[in-house]
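S.K.: here is a sequence together with a model predicted from it:
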Amino acid sequence: MTAGRGSHLPYPEFKRRYEPAEPEPVHWQWREVAGRLGAVEHPERGTLALTLPDGSAEVLRDIAVAYQVVPAGRHTAPHAHSWYHLFVVQSGTGAITFHRAGGTTRSGLGPGDVQLVPAWCPHGFSNSGEEDLVLLNVMNIPLLARLGAADVKLSPEVG
């Protein structure tokens, strides 16, 4: 294998290559999102990510937004990862359990509640209700993926 030949740029052109594009306003209609949430299969975690018109899932610089659904009577396995979550409960009720050394802490969730889950904080959701628990999920996974630091630990390693 031979090495490719490098080139060079004047500094002002180099800097322009890293200037972010001017963002455009984007609107997601809840009626359409809700229809898609009802039509897709809900894996254990993560359901429907919002995307920009160009298909990018990085909705804001370094930030992704998704709707997560915990179906009625279901739960997620305890897990931890390198990104944070900011969850806003849209509908339904349930609980989040934090699994830390020395025990677990459980917190009830209902419509309008906001829950911060810091990076590497072991957590899992449960929904013992009759209605799906729908969470708006804001997370910094695009930044961590770009840095090569998006990492997940699933149970039983969580502790």
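M.R.: Noted; the coordinates are in hand.
S.K.: you'd agree residue 73 is up against residue 126?
M.R.: No: when contacts are counted by CB atoms under 8 Å, residue 73 is not listed as touching residue 126 (9.3 Å). C-beta: built from backbone N, CA, C; applies to glycine.
S.K.: who has more neighbours, these two?
M.R.: Here residue 73 and residue 126 are compared on neighbour count by other CB atoms under 10 Å; more neighbours surround residue 126, at 17 against 11.
S.K.: how much space between the spatially most central residue of the chain and residue 57?
M.R.: Relative to the mean C-alpha position of the chain, the nearest C-alpha, by CA atoms, centre = their mean, is the one of residue 139, at 4.3 Å. To residue 57, residue 139 is 10 Å away according to CB to CB, to the nearest Å.
S.K.: pull up the overlap in contacts between those two.
M.R.: residue 64 (CB atoms under 8 Å, 6 or more residues apart in numbering).
S.K.: hang on, the earlier thing: who does the residue nearest to the centre of the chain bridge with?
M.R.: In this structure, residue 139 bridges to residue 64, residue 85 when assessed by DSSP bridges.
S.K.: relative to residue 9, how far out is it?
M.R.: Distance of residue 139 to residue 9, computed by CB to CB: 34 Å.
S.K.: likewise residue 73?
M.R.: For residue 73, the distance to residue 9 under the criterion CB to CB works out to 58 Å.
S.K.: burial of the residue lying closest to residue 47 once chain neighbours are set aside, as a residue count?
M.R.: In space, residue 47 comes closest to residue 69 once its chain neighbours are excluded; the distance is 4.6 Å by CB to CB, 6 or more residues apart in numbering. Counted by other CB under 10 Å, the residues lying close to residue 69 total 25.
S.K.: and the one 5 residues further on, by the same measure?
M.R.: Close neighbours of residue 74, defined as other CB under 10 Å, add up to 16.
S.K.: then the one 10 residues further on?
M.R.: Here the number of neighbours of residue 84 (other CB under 10 Å) works out to 16.
S.K.: tell me if I'm right that residue 66 and residue 134 touch.
M.R.: No: using CB under 8 Å, residue 66 makes no contact with residue 134, being 11.1 Å away.
S.K.: so where do the helices sit in this protein?
M.R.: Counting by DSSP state H, the chain has these helices, from start to end: 11-16, 30-39, 141-146.
S.K.: okay then, goodbye and thanks.
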